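Participant: Compute the structure for the input listed below.
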Amino acid sequence: MKNKILAIVLVIFIGMESYFIFYSKKEEAKPTVTEKVIVKKYSLTEVLEYLNDNTIEVKNIYKSGEDYIINGIISGENREFLKKINSLDKLKILDYSLELYSDTIYGNFTFKYS
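Facilitator: Residues are numbered from 1 along each chain as shown. Prediction:
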């Protein structure tokens, strides 16, 4: 008798769950309004001025889509080197290697300017 009651309760529970899963009203995803962001594109002259201001020795530079890819060297003693790295707010570092000669750090960097 207990098994029959348990089976009936289980069937009712499964039926209710199935109803809620398949027939309940689902909320549709509403589109969200986003701000339109205007991105400034830089000219090659602006890029080179920025690199010169931050004392990056440019080895080569090429354009990839809308961005500039720059290979360059930054050198200096510890504090000076860190100041130069921290001043690069418009550059995204893609790849780098560091070498230490005496008290001077030489960093070979590949940047993306965007």
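Participant: who does the residue sitting nearest the centre point of the chain bridge with?
Facilitator: Residue closest to the mean C-alpha point of the chain, counted by CA atoms, centre = their mean, is residue 92 at 9.6 Å. Beta-bridge pairing for residue 92 (DSSP bridges): residue 112.
Participant: Is it correct that residue 90 is in contact with residue 53?
Facilitator: No: Residue 90 is beyond contact range of residue 53, at 10.6 Å (criterion: CB atoms under 8 Å). Just so you know, the C-beta spots here come from the backbone N, C-alpha and C atoms, and that holds for glycine as well.
Participant: What ranges does the protein have for its helices?
Facilitator: Counting by DSSP state H, the segments of the chain that form helices are 2-23, 44-53, 78-86.
Participant: re earlier: ok, residue 90 and residue 53, which is more surrounded?
Facilitator: More crowded of residue 90 and residue 53, by other CB atoms under 10 Å: residue 90, with 15 against 9.
Participant: State the pLDDT value of the more buried one.
Facilitator: Looking at residue 90, its pLDDT is 73.
Participant: again with residue 33
Facilitator: In this prediction, residue 33 has a pLDDT value of 51.
Participant: same check, this time on residue 56
Facilitator: 77.
Participant: residue contacts, it?
Facilitator: Neighbour list for residue 56: 70, 72, 73, 74, 84, 88, 109 [criterion: CB atoms under 8 Å, 6 or more residues apart in numbering].
Participant: can you rerun that using 6 Å?
Facilitator: Listed by CB atoms under 6 Å, 6 or more residues apart in numbering, the contact set of residue 56 reads 72, 74.
Participant: Okay, it and residue 15: tell me how far apart.
Facilitator: Distance, residue 56 to residue 15, using CB to CB, to the nearest Å: 70 Å.
Participant: circling back to that earlier point, does the residue nearest to the centre of the chain really touch residue 109, like I thought?
Facilitator: No: here residue 92 lies out of contact with residue 109, judged by CB atoms under 6 Å, at a distance of 10.5 Å.
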